[in-house]
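Student: heads up, no residue letters with this:
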């Protein structure tokens, strides 16, 4: 695990920076929290950011392949609504429900990939369109917020592990290790990054470009379904309209985490830090007594600073033509 | 003869959409006769005017291969600023400074967008997302401390809700904006530059075009268009309100893309954009009249975009 962390961080300074910023913010948050640093406070903090972190992971995989997934929020809403119908009852029913929800996310993601690859439609517009379709299905599954989700699972996933670690963060890391780590080590994961770096070069090298793209969108759909499930565990219900702000925030988290939107380079762990940073700022404002209305402005400013880092590239350019890359 | 050459001068997507709309009206009109009434069709043009003006601005930026995600809060902020200024002094002539300030706000936001993209070289998708968030932040912060009076100026009301010779003024404003855009794209040097930069920016730069100024110009036009839409919407609704710009971002981009413009830049015609706006407006209005649930509208909307855009990309050979 530490070797995995180490390699990832060394490869990506921006991701390391994001984790340092997150660490600073978290220490300050625990310091000013009226109840002090305790596992309860830490779990509550982690729960706030986990849903967005799942989305940020999925979004990063697509961005690595030089795409973008604007349907990630709608998939999350759709799977959340499905979960509010299916994730209930005995152990067998729970397992079946979760499997169906994750499968639904995977199918939505695969459809995105197929539309992008075989429809030859640019990712922005393709996922915008499929996103509208998934939102429609979410409204059909659950026209108004409601339903119920197993409470035992909820307590299990939003509490803490042996009083040491927030279980939501542990679950997030375990799922990333289960679903992304094997892929990233295999030729499929390499292909995804290669396609994002240069599609023509990847094609000429004999990589299966189409398969890599479809896989990236499918993984994004799977992580969106984890996010939908987790929101369900938090709220114990389904809501068809929760997706909207999450889509843009997932892109913001990716950018703060240091992944280039031009694809080919970036870090999953950085995006997780980016998502947690965004959420920590919200909690910080709540406890520092700053007017809550200042929160969007503050978040915008943080995003601005993160983005401005990207512009420092200009200072290192020798040839004017390099500007256009 | 003139008429024939006029029709054939439109490109593939425009014709495809015109055909789709005729089909929709014919089939719809057979079941609901009101679809064919002139009153209904004029109403659709009025509804489409707001989206049409937003799409005109979006197209300028998309032709460069960029995108403007700050549309929602450019509309809302310019409208909020305008109505707040009108509210402080609603006298007839003085209140028009609200209109001027609103348009100025749109211009300023467009300028900031353009400077960030052209000079700081930050990808437009991220930079305009950031400016959108910052404007949102400023608006929320500001409106939390001051109870702003929300009232359109007389000119805004007249343009947004009034009629001239029985034609809604919003349609006339859309015509005027369209005329300016068509002149810019087809008859001016800047228009040529926009297509050149959108096709291949390094080549445009090497042939002596100051590509950065072209990019800033396009973003300023887009910001202005959003502000004009904001002023008209305020006049139409009689007030400004939070999130009034939200329903215009994605449909605006969708209209441009439906009209055959490529998001990679360099390719697209304004007639296609107008056709895209009309198709989107018509579909959503017909579904409303048929009392289709929101879910069906969303699904229809997505399917139409995938079908039409998929069709175009199949028709044009890949490069």
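Tutor: Done, it's in. What you are looking at is a predicted structure, and each value in this text was computed from that prediction instead of being measured. Residues are numbered from 1 along each chain as shown, chains lettered A, B, ... in the order given.

Student: ok, residue B:243 touching residue B:79?
Tutor: No. The criterion here is C-beta atoms under 8 Å, and residue B:243 misses it with residue B:79 at 11.1 Å. C-betas here are computed from N, CA, C, even on glycine.

Student: where in chain A is pLDDT low?
Tutor: A:1-12, A:310-321, A:323, A:325 (pLDDT under 70).

Student: quick one, which of residue B:243 and residue B:79 is more surrounded?
Tutor: residue B:79 (32 against 11; other C-beta atoms under 10 Å in any protein chain shown).

Student: quick one: that one and residue B:228 touch, right?
Tutor: No. Between residue B:79 and residue B:228 there is no contact under C-beta under 8 Å: 10.6 Å.

Student: for the helix or strand harbouring residue A:253, which positions count as buried?
Tutor: Using DSSP states H and E, residue A:253 falls within helix A:243-256. Buried residues in helix A:243-256, counted by 16 or more other C-beta atoms under 10 Å in any protein chain shown: A:243, A:246, A:247, A:249, A:250, A:251, A:252, A:253, A:254, A:255, A:256.

Student: Any part of the very next helix or strand once past it near chain B?
Tutor: Following helix A:243-256 in sequence order, the next helix or strand is helix A:268-288 (DSSP H and E). No. Under the criterion of C-beta under 8 Å from any C-beta of the partner chain, chain B is not reached by helix A:268-288; the shortest gap measures 10.7 Å.

Student: in helix A:268-288, what's buried?
Tutor: A:268-281, A:283-285.

Student: Tell me, how many residues neighbour whatever residue of chain B ends up closest to chain A?
Tutor: Proximity of chain B to chain A (C-beta to the nearest C-beta) peaks at residue B:137, 2.8 Å away. Look at residue B:137: counted by other C-beta under 10 Å, it has 22 neighbours.

Student: So it is in contact with residue A:301, correct?
Tutor: Yes. With contact defined as C-beta under 8 Å, residue B:137 reaches residue A:301; the gap is 7.4 Å.

Student: so who does the nearest residue to residue B:103 once chain neighbours are set aside touch?
Tutor: Among residues not flanking residue B:103 along the chain, residue B:227 sits closest, at 5.0 Å (C-beta to C-beta, 6 or more residues apart in numbering or on different chains). Applying C-beta atoms under 8 Å, 6 or more residues apart in numbering or on different chains to residue B:227 gives the contacts B:74, B:75, B:78, B:102, B:103, B:105, B:106, B:107, B:109.

Student: Remind me which helix or strand residue B:227 belongs to.
Tutor: helix B:211-237.

Student: can you give me the mean pLDDT across the helix or strand just after that helix?
Tutor: Beyond helix B:211-237 on the C-terminal side, the first helix or strand identified by DSSP H and E is helix B:249-258. On average, the pLDDT along helix B:249-258 is 87.

Student: quick one: buried residues of helix B:249-258?
Tutor: B:249, B:250, B:251, B:252, B:253, B:254, B:255, B:256, B:257, B:258.

Student: what do you get for stretch B:186-199?
Tutor: B:190, B:191, B:193, B:194, B:195, B:196, B:197, B:198, B:199.

Student: Adding pLDDT, secondary structure and distance to residue B:52, write the residues you listed out as JSON lines.
Tutor: Output for the buried residues of stretch B:186-199, formatted as JSON lines (pLDDT from 0 to 100; DSSP: H, G, I helix; E, B strand; the rest coil; distance: C-beta to C-beta, whole Å):
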{"residue": "B:190", "pLDDT": "91", "secondary structure": "helix", "distance to residue B:52": "21"}
{"residue": "B:191", "pLDDT": "91", "secondary structure": "helix", "distance to residue B:52": "19"}
{"residue": "B:193", "pLDDT": "94", "secondary structure": "helix", "distance to residue B:52": "24"}
{"residue": "B:194", "pLDDT": "93", "secondary structure": "helix", "distance to residue B:52": "19"}
{"residue": "B:195", "pLDDT": "94", "secondary structure": "helix", "distance to residue B:52": "21"}
{"residue": "B:196", "pLDDT": "93", "secondary structure": "helix", "distance to residue B:52": "26"}
{"residue": "B:197", "pLDDT": "92", "secondary structure": "helix", "distance to residue B:52": "24"}
{"residue": "B:198", "pLDDT": "91", "secondary structure": "helix", "distance to residue B:52": "21"}
{"residue": "B:199", "pLDDT": "91", "secondary structure": "helix", "distance to residue B:52": "25"}
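
Student: how about the nearest residue to the residue sitting nearest the centre point of chain B, chain neighbours excluded?
Tutor: The centroid of chain B falls nearest to residue B:54 when counting by C-alpha atoms, centre = their mean (1.5 Å). If the residues on either side of it in the chain are set aside, residue B:54 comes closest to residue B:252, at 4.2 Å by C-beta to C-beta, 6+ apart.

Student: got the contact list for that neighbour?
Tutor: Contacts for residue B:252 (C-beta under 8 Å, 6+ apart) come out as B:51, B:54, B:55, B:57, B:58, B:71.

Student: Hmm, residue B:53 and the last one touching each other?
Tutor: What it means is residue B:71. No. Between residue B:71 and residue B:53 there is no contact under C-beta under 8 Å: 10.8 Å.

Student: what's the burial count for residue A:162?
Tutor: 7.

Student: Endpoints of stretch A:113-126, how far apart?
Tutor: One end of stretch A:113-126 to the other measures 9 Å (C-alpha to C-alpha, to the nearest Å).

Student: can you check stretch B:21-40 too?
Tutor: Using C-alpha to C-alpha, the two ends of stretch B:21-40 sit 14 Å apart.

Student: What are the buried residues along that stretch?
Tutor: B:21, B:25, B:28, B:35, B:40.

Student: Please identify the helix or strand for the last one.
Tutor: Take DSSP H and E as the rule and residue B:40 turns out to sit in helix B:38-63.

Student: Kindly spell out which helices and strands sit in contact with that helix.
Tutor: If you count contacts as 3 or more C-beta pairs under 8 Å, 6 or more residues apart in numbering or on different chains; DSSP states H and E, helix B:38-63 packs onto helix B:71-88, strand B:167-168, helix B:169-187, helix B:189-199, helix B:211-237, helix B:249-258, helix B:270-289.

Student: Of the ones you listed, which is nearest residue B:121?
Tutor: Residue B:121 sits nearest to helix B:211-237 of all those, at 9.3 Å, using C-beta to C-beta.

Student: how far does that closest one sit from the chain's center?
Tutor: Its chain's C-alpha centre and that of helix B:211-237 lie 8 Å apart, by C-alpha atoms, centre = their mean, to the nearest Å.

Student: How about residue A:118, nearest residue that isn't a chain neighbour?
Tutor: residue A:210 (7.9 Å).

Student: Secondary structure element holding the one you found?
Tutor: Element membership for residue A:210, per DSSP H and E: helix A:209-235.

Student: So which bits of that helix are buried?
Tutor: Using 16+ other C-beta under 10 Å as the test for burial, helix A:209-235 gives A:209-210, A:212-235.

Student: Over to stretch A:120-129?
Tutor: A:121, A:122, A:123, A:124, A:125, A:126, A:127, A:128, A:129.

Student: And for stretch A:179-197?
Tutor: A:179-180, A:183-184, A:188-189, A:191-197.

Student: wait, does it make contact with chain B?
Tutor: No. Applying C-beta under 8 Å from any C-beta, one finds stretch A:179-197 out of contact with chain B, separated by at least 14.0 Å.
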